[in-house]
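Chemist: kindly return the folded structure for what I paste below:
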Amino acid sequence: MADEAHGAEEGGLVFHPLDQFIVKPLFGGDAVHWYTPTNVTLWMGIAVLCIIGLLVLGTRGRAIVPTRIQSVAELLYGFVYKMVEDVTGKDGVKYFPYIFTVFLFILFANFLGLIPMSFTTTSHIAVTAILGFGVFFAVTILGFVLNGPKFLGLFWMSEAPLVLRPVIALIELISYFVRPVSHSIRLAGNVMAGHAVIKVFAGFAAITAIAPVSVLAIVAIYGLEVLVAGIQAYVFTILTCVYLKDALHPSH
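Modeler: Model (predicted):
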């Protein structure tokens, strides 16, 4: 606080790009417990309500000539269904509801985070880790349930020379356990980086000499973030499909 006051007195520019990611209680106070309603809770709830509004309220008419909301819902449904079917095959279609739910949550959380004064829940590793490790444990358990010990064939490359197989198996094993970490960090890192850069340029916009350049940069990065919001939801989902395929067909 003293540094901020000193900087303000000297007429310097003081801003903290990462302040936008601070978890704060909704009803005052500083302590955050597991049961405390926070800004994260609020915006996750809003994301869920938006999904319900799109899929339930927006499609309840089931019109032959669909409304705009129904068209968007059908487009998203068909997009993810085709993705699951193409990557995992017919066997993976039964797990479509789970994958579709994950996709919609990430998509809406990302886009809601682009609203001024909102909170981007997917910028927190705590949120993305739950999603990433949830996929990891679900796929691993499913792999053993469906295939038994044969699921371990995913790590044993029988086509490779016998001498190299243990080394390849170790590499594959490490790669497999790194999946949930990379899965979650990729999403949180990309979302957080974009929002932080926007905040940095917004801080420079206070300087009259470079304000026009800063505004143009903010507009450009904001447009990029709109693309990133959709792309990161797609990347997370298609990787989930790839991991599911390994559980359904470990020998492939």
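
Chemist: ok, now which ones touch Arg186?
Modeler: 232, 235-236 (CB atoms under 8 Å, 6 or more residues apart in numbering). Where C-beta positions appear, they are placed from N, C-alpha and C, glycine not excepted.

Chemist: buried residues, the host helix or strand of Leu170. List them.
Modeler: Element membership for Leu170 (DSSP states H and E) is helix 165-204. For helix 165-204, the neighbour count (16 or more other CB atoms under 10 Å) marks 169, 176, 179-180, 183-184, 186-188, 190-192, 194-195, 197-202, 204 as buried.

Chemist: ok, now stretch 139-150?
Modeler: For stretch 139-150, by 16+ other CB under 10 Å, it's 139-140, 142-143, 147.

Chemist: what bits of the chain have low per-residue confidence?
Modeler: Scanning the chain for pLDDT under 70 picks out 1-15, 251-252.

Chemist: which residues in it form strands?
Modeler: Secondary structure of the chain by DSSP state E: no strands are present.

Chemist: tell me the one among the buried residues of stretch 139-150 nearest to Pro97.
Modeler: Pro97 lies nearest to Leu142 out of those, by CB to CB, at 14.2 Å.

Chemist: confirm for me that that closest one is in contact with His249.
Modeler: No - between Leu142 and His249 there is no contact, the gap being 11.9 Å when judged by CB atoms under 8 Å.

Chemist: hmm, back to that, in helices, which of the contacts of Arg186 fall?
Modeler: Counted as lying in helices by DSSP state H, out of the contacts of Arg186, are 232, 235-236.

Chemist: nearest to Thr128, of the contacts of Arg186?
Modeler: Thr128 has its nearest neighbour among the contacts of Arg186 in Phe236, at 8.3 Å by CB to CB.

Chemist: run a quick neighbour tally on Val163.
Modeler: Around Val163 there are 7 other residues, counting by other CB atoms under 10 Å.

Chemist: got it, and Leu164?
Modeler: Neighbours of Leu164 (other CB under 10 Å): 11.

Chemist: now swap in Val226 and tell me
Modeler: Val226 has 14 nearby residues by other CB under 10 Å.

Chemist: what's it in contact with, if anything?
Modeler: 111, 114.

Chemist: pretty sure Phe144 contacts Lys150?
Modeler: No - the pair Phe144 / Lys150 is not scored as a contact, 9.2 Å apart, by CB under 8 Å.
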